[in-house]
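Peer 1: Dropping a prediction and its sequence here:
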Amino acid sequence: MMSFTSARATGLRRLSVWVLALVILPGPGRADERSPLDAPAGDAWDRMLKLVRGGEFDAARDLSRSLPDGAVSDHVRQWLAEYSNQQAERERLNREDYDKYVRYAHERIERKEYELALRWAIQASDNLQTPAAILQEPWVVSLISAAMDEGARLRSQGKWEDAWKLYYYLGILDEREPRYEKLERECITHIRLDRMFEEGGKWDEPIRDIKWRMAEVALGYVSRFYHDEQVPFRRMAESGLEQLLILADSASARNVFDGLKSDVDRAAFRNRIQYKLDEVSAQREVDVRACTQVLHRALDINAETINLPESLVVSEMTRGAFDALDDFTSIIWPAEFPEFSKHTQGDFVGVGISIFKNVKAEIEVVTPLAFTPAYEAGVQAGDIITHVDGKPLKGISINTTVDIITGPEGTSVTLTMRRGDRSFDVTLTRKRVVIETVTGIQRREDDPQQWNYWIDRENGVGYVRVSSFARNTVDILKRVVSDLRREGMKGLVLDLRGNPGGLLDSAEQMASLFLSRNMKVHSIKGRNPQDDKEYFTRDDGPFTNVPLTVLVDESSASASEIVSGAIRDNRRGTVIGARTFGKFSVQNLIPINNNPDAALKITTARYYLPSGVSLHRDPDSPNWGVNPNIPVRLVRKEKTKYLQVQRRRDVLGPLADLDIDDEAENEPVAIDPADGDGSAGDGGAGDEGGAVPDGAVAPNDEGEDVKSGEPTAEGSMAGDGEPKEAALPQIEQPDENDRPQADPQLDTAMLFMRIALLAEGKQTLAAAQPDKTEAPVKK
């Protein structure tokens, strides 16, 4: 089915034919016969370069026709003409898809299938230059009203997941409307509780060892260190109590806890909590002390009535309370802390596999990691892990699976794997594993554990993708770029797309690699003036003279925005792609308990770019994120194509049964709240930058085609409350992904880099035959 999520990364061998025409400059002679390319002088050349630097490629193409004839002019005219043709084809496909999606949406509206109509409306908006313009269409206004009415009806019937889907898609269609997020959170809470307490579920795993004292300490730190002095403690208290009311109303929870099975005890609990809620709402001001007292009193009321486990009540109450703050402030409970630590340390002790829970709730291998026991033992992408040390994994969360697989260095673990119809055991010795955060354009054919960092060896263009900012990231990047320079690199493409961030000092160090001495990287302003700081480079970076292009997209966040913003504001390089996520807040980790470890991740400050602006994405922010120098926005079909390329590129070894081109319908589904986003390395490959709500996962980007004869949404109802499926025949709404296997953002970066290198006199005329020492990017 259709997919609606933030974009992530790029690249691999199968680039389109027209890209290859740009990659290898044709020329007379052999690989060792190279001559400098002298750029033509004159006003036309200068004006054309100015247009290219501004991303006005069509105008540059037109002007290039007036350049004097010669090798350079011919190449530039060819590059610009082919790029313009490709952009024209993209626009044609966008127009065709827009018309089709509007037609499909109207067909669903006529059948009162509002969820599917919203999904087609989103697809239509995505193919407009300004997606929000669709909100002015009368048919869309009417659709939104009908969907809201349908959502209210579904909520009244307790059909939380169906209601959530409507609010989820409404929020994508109009991301500036706050009421959708509030309704979505309510539905998600009910869905999460249903999943948490389903029969056979391990509801106690994620909340083990939680104590009230931890929450009390965390509230105190919020009072002292939260970036906004006006901490909304009244709203925190209200939200915490509201969460307990939802818990009391959960039918799934009643099946588990005797205290909730008693109507008398449950009514007493609800009435007393509601009284406290009304009492708090009537107060003009609530400080940290009053908020803490209210929440502690709720814990006492629980003990006096339904007597649910303290860990459950504290977990739910604080979940609600901290929802009143920003999306990045939360408590890291004991069950979560080890995995959280692995995400930022850059290494862990394990066997070296990235895993996720697939649609069948099986633990599936995404890929083995390089230089690890799993890869050396022949573990493949798509393998299913059924048992660990003889114990079945059915019903076990991702986090618990990770805990079981990891362990002390030098110890052994046996994984029972299923590959197709064959099951087998693999015994692995745990070792320290380094998480790979710096990768190239493709794996090397001679050694798949190594990366090829040349995207255009013939013309000296290197490519490095940084997937997150861990402790070891900058050291690895520095080594890779140094090696590229020694091998003749003249320009670098730094790909930060899909990078959710990581460590602040890693971002500072990375920016410093490319900036000159005493350049400003960013500043931090928080609640306490003594904590404010400005970060300047101390010395000239080792790569200050390397022509640089930085790729970003909607999923580039936090540390990625510091680096790309510093490069852009200091005019050190050119940023290309889509506006970034807009996470300009700084989090600190404050311990709230030892043995077991727990911590408060709290927003303490905002950071500002060298230009002096903070572009954090608040609900009411008119502007956010780093806007690229040259914007290149991808539609969803294009994102799907290049994500498939990236998946193939990242897989190490045979693909086994991994269905990267999964064409199944990708409905939004709720998952086990302990599973996070449903994926992790065996030491964690999670991130902090997702926009997916807690306890739910958005439709993923891997499906690409809508099948003909697509069924109506299961359980959707007509306006009179009768099921539609019995009355309405299925309709065909095919939507083949006909976009080329290309990466328009990377293509733009390569066009820009080649012309920029010509302008700086750094490019040489490549020979007709590629250099035999490194394979060029292949089709």
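Peer 2: Received the coordinates, thanks. Numbers count the residues shown, from 1 in each chain.

Peer 1: Toward the C-terminus, what is the element adjacent to the helix or strand S145 falls within?
Peer 2: Using DSSP states H and E, S145 maps to helix 138-156. Elements were assigned by DSSP H and E; along the chain past helix 138-156, the next helix or strand is helix 160-173.

Peer 1: how far out from the middle of the chain is that next one?
Peer 2: Relative to the centre of its chain, helix 160-173 is centred 19 Å away, using Cα atoms, centre = their mean, to the nearest Å.

Peer 1: Dump it to PDB, restricted to CA.
Peer 2: Output of helix 160-173 as PDB, limited to C-alpha atoms (Å, rounded to 0.1, in the frame of the first residue of the first chain):
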ATOM      1  CA  TRP A 160      -9.000   2.900  19.100                       C
ATOM      2  CA  GLU A 161      -6.700   1.600  16.300                       C
ATOM      3  CA  ASP A 162      -9.200   2.500  13.500                       C
ATOM      4  CA  ALA A 163      -9.600   6.000  15.100                       C
ATOM      5  CA  TRP A 164      -5.900   6.400  15.500                       C
ATOM      6  CA  LYS A 165      -5.300   5.700  11.800                       C
ATOM      7  CA  LEU A 166      -7.600   8.600  10.900                       C
ATOM      8  CA  TYR A 167      -5.900  11.000  13.200                       C
ATOM      9  CA  TYR A 168      -2.500   9.800  12.100                       C
ATOM     10  CA  TYR A 169      -3.300  10.600   8.500                       C
ATOM     11  CA  LEU A 170      -5.100  13.900   9.300                       C
ATOM     12  CA  GLY A 171      -1.900  14.900  11.100                       C
ATOM     13  CA  ILE A 172       0.200  14.200   8.100                       C
ATOM     14  CA  LEU A 173      -2.200  16.000   5.800                       C
END
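
Peer 1: Can you spell out which helices and strands pack onto that helix?
Peer 2: helix 114-126, helix 138-156, helix 178-196 (3 or more Cβ pairs under 8 Å, 6 or more residues apart in numbering; DSSP states H and E). C-beta: built from backbone N, CA, C; applies to glycine.

Peer 1: same for the helix holding S145, what does it pack against?
Peer 2: Counting contacts by 3+ Cβ pairs under 8 Å, 6+ apart, helix 138-156 packs against helix 71-110, helix 114-126, helix 160-173, helix 178-196.

Peer 1: what angle separates it from helix 114-126?
Peer 2: Counting by axes from the mean of the first three to the mean of the last three Cα atoms, to 10 degrees, helix 138-156 lies at 140 degrees to helix 114-126.

Peer 1: three-state assignment of V433?
Peer 2: Secondary structure, DSSP: H, G, I helix; E, B strand; the rest coil: V433 is strand.

Peer 1: quick one: contacts for the closest residue to it other than its chain neighbours?
Peer 2: The shortest distance from V433 to any non-neighbouring residue, by Cβ to Cβ, 6 or more residues apart in numbering, is to G352 (4.7 Å). Contacts of G352 were listed using Cβ atoms under 8 Å, 6 or more residues apart in numbering, and they are P368, L369, A370, F371, T372, P373, A374, Y375, K431, V433, D682.

Peer 1: before we move on, back to that, make a markdown table out of the helices and strands packed on helix 138-156 and add distance to W203 and mean neighbour count.
Peer 2: A markdown table is the format used below for these (distance: least, Cβ to Cβ, whole Å; neighbours: other Cβ atoms under 10 Å):
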| stretch | distance to W203 | mean neighbour count |
| --- | --- | --- |
| helix 71-110 | 37 | 17 |
| helix 114-126 | 29 | 25 |
| helix 160-173 | 17 | 24 |
| helix 178-196 | 5 | 20 |
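
Peer 1: For K202, see how far away G259 is.
Peer 2: 20 Å (Cβ to Cβ, to the nearest Å).

Peer 1: Could you list the low-confidence segments of the stretch 251-400 of the chain?
Peer 2: In the predicted model of the stretch 251-400 of the chain, residues 342-347 satisfy pLDDT under 70.

Peer 1: Next: the chain.
Peer 2: Looking at the chain by pLDDT under 70, you get 1-41, 200, 342-347, 654-727, 762-779.

Peer 1: domain parsing for it?
Peer 2: 21-92+746-759, 212-334, 338-434 (automatic domain parsing).

Peer 1: of the helices and strands packed on helix 138-156, which approaches E336 most closely?
Peer 2: helix 178-196 (14.8 Å; Cβ to Cβ).

Peer 1: now the angle between helix 160-173 and the closest one, please.
Peer 2: Per the same axes, to 10 degrees, the angle that helix 178-196 makes with helix 160-173 is 150 degrees.

Peer 1: quick one: helix 178-196 to chain centroid distance?
Peer 2: 20 Å.

Peer 1: helices or strands up against it?
Peer 2: helix 138-156, helix 160-173, helix 233-249, helix 251-254, strand 669-670, strand 696-697.

Peer 1: Could you identify which of these is most buried?
Peer 2: Comparing those by mean neighbour count (mean count of other Cβ atoms under 10 Å), helix 160-173 ranks first with a mean of 24.

Peer 1: Is R266 in a helix, a strand, or coil?
Peer 2: R266 - assigned by three-state DSSP - is helix.

Peer 1: how close does it get to L299?
Peer 2: Distance from R266 to L299, by Cβ to Cβ: 17 Å.

Peer 1: Show residues contacting the helix holding S145.
Peer 2: Outside helix 138-156, the residues within contact range by Cβ under 8 Å, 6+ apart are 105-106, 109, 112, 114-115, 117-118, 121, 134-135, 160, 162-163, 166-167, 169-170, 173-174, 183, 186-187, 717, 721.

Peer 1: Same check on stretch 475-482?
Peer 2: Residues contacting stretch 475-482 (Cβ under 8 Å, 6+ apart): 437-438, 440, 453, 462, 464, 466, 489, 492, 510, 513, 542-543, 546.
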